[in-house]
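A.B. asks: Just need the structure, nothing else, for what follows:
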Amino acid sequence: PPTITPPPPPFVPPPKIQIQPPPKAIQRVTHVKPPVKIPPSPLPPAPPSPPSNAPPSPPVPDHIAGATPINGAKVEYPEDMQEENREGVAHVLCDVEADGHTSNCHVTSVTGGHEFAEAALDFVRRARYQPAVRNGVPVREANHPYTITFRLGDE
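C.D. replies: Here you go, the predicted structure:
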C-alpha cells in the first residue's frame, strides 16, 4: 500500500513588531577656549593727547568669534546613524569672517563615523556667528574651533 505523508502545516507569517524610533537628537555646540594670553609688559605712559571736541565714546571690548549660531541653524543628526543608535563627536576648524560667515572649514577629528563629519561641516557652513571684534571693528578670525556632539536621547 502507498504511504501517505501528511501535508506541511500552513504558512503563518511572523507577527509584526512595532519599534519606536529613537528621539530626535539635540545639538550641542561647544566652544573650546583659546589659550590664555600673557599680557605684555607695561609700557611707559604716553604723553597726553590734545583735547578733542567730540565726547568720548565708551570703549568696545575685544572678543573672539561666537560659538552659538545667531541665525538659528540646527545640527541635523545623520539618519543612518540615528537608525543604528550611534553617537559621535566632530571637531571642526573654520575661519569666521567679519560678516559672520564661515570659510575654510575642515574636520580635525571625528568619532562615530564619516557621516558625523559631513553633518558637522554642513552645519558650520550654514551657521552664522557673531564675528570677532578688535578695537571695536569686526575682523576675520582664523581657525576658530567648534565641537559638535551628536548624542541620542538628550533632553
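
A.B. asks: Point out where this protein drops to low pLDDT.
C.D. replies: By pLDDT under 70, the low-scoring segments of the chain are 22-60, 67, 154-155.

A.B. asks: Walking through it, point out its helices one by one.
C.D. replies: 79-83, 114-126 (DSSP state H).

A.B. asks: hey, which of those helices is tucked in deepest?
C.D. replies: helix 114-126 (a mean of 19; mean count of other C-beta atoms under 10 Å). Just so you know, the C-beta spots here come from the backbone N, C-alpha and C atoms, and that holds for glycine as well.

A.B. asks: chain center to that helix: distance?
C.D. replies: Offset of helix 114-126 from its chain centre (C-alpha atoms, centre = their mean, to the nearest Å): 8 Å.

A.B. asks: Now tell me what touches it from outside.
C.D. replies: For helix 114-126, contacts defined as C-beta atoms under 8 Å, 6 or more residues apart in numbering pick out 27, 29, 71, 73-78, 80-81, 88-90, 92, 94, 102, 105-107, 110, 146, 148, 150.

A.B. asks: Derive a ChimeraX selection command for the buried subset of those residues.
C.D. replies: Selecting only the buried entries of the contacts of helix 114-126 in ChimeraX, with 16 or more other C-beta atoms under 10 Å as the criterion:
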select :27,29,73,75,76,77,78,81,88,89,90,92,94,102,105,107,110,146,148,150
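
A.B. asks: about what we covered before: residue 98: which of the helices of the chain is closest?
C.D. replies: helix 114-126 (16.9 Å; C-beta to C-beta).
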